[in-house]
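S.K.: below: sequence and its predicted model.
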Amino acid sequence: MINFLLMVNKQGQTRLSRYFQTVNVSRRAALEADVVRGCLSRKKDECSFVEYKDFKLVYRQYAALYIVVGITDSENELSIYELVHNFVEVLDKYFSRVVSLNYSTLNIMFNLDRVHIILDEMIQNGHVVETNRTRILAPLGALDKMADG
């Protein structure tokens, strides 16, 4: 099961956080700081799976962004690793269609509602429910049509 997903930049600033398990707001800041510090300090040749307290971390780096997913011990790390890549591909497909540039940190920050819709289409209650890019982007296509029309 997926506990949370974080998107952070190289400076360790959180750009997106989504929790699928209840975590106190007071504990979130400390958890995010600790998780980000642990992932950013790792070298490129080290494994992208990290044991952390009572769960595992799976992370991938894309240019200046790190996507970190906290999962339970029973979850398959490789499937989550590929899920992160699929998520980035969906973001790239959507934002390159909407904006003439490929997606960037700014696109994500200024379109958090769209990113959350994409994430909601892919993951619900901590479980992966959809990986097909066309189906994931269908609700956003309908929203964009309504906005244009």
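M.R.: Yep, that arrived. Predicted model only: the values in this text are computed from it and were never measured.

S.K.: and for stretch 69-83, what are the contacting residues?
M.R.: Contacts to stretch 69-83, defined as Cβ atoms under 8 Å, 6 or more residues apart in numbering, come from residues 1-6, 35, 48-49, 52, 55-60, 84, 122-123, 128, 131. C-beta coordinates here come from the backbone N, C-alpha and C atoms, glycine included.

S.K.: helix/strand/coil for Ile80?
M.R.: Recorded secondary structure, Ile80: helix (DSSP: H, G, I helix; E, B strand; the rest coil).

S.K.: low-confidence ranges, this structure, go.
M.R.: 97-105 (pLDDT under 70).

S.K.: all strands of it, in order?
M.R.: In the chain, the strands defined using DSSP state E lie at 2-9, 14-19, 49-52, 55-62, 65-71, 123-124, 127-128.

S.K.: and these, which is most packed in?
M.R.: Highest mean neighbour count among those (mean count of other Cβ atoms under 10 Å): strand 65-71, with a mean of 24.

S.K.: how far off centre is that strand?
M.R.: 6 Å (Cα atoms, centre = their mean, to the nearest Å).

S.K.: which stretch among the strands of the chain comes nearest Ala147?
M.R.: Ala147 lies closest to strand 14-19 among the strands of the chain, at 22.0 Å (Cβ to Cβ).
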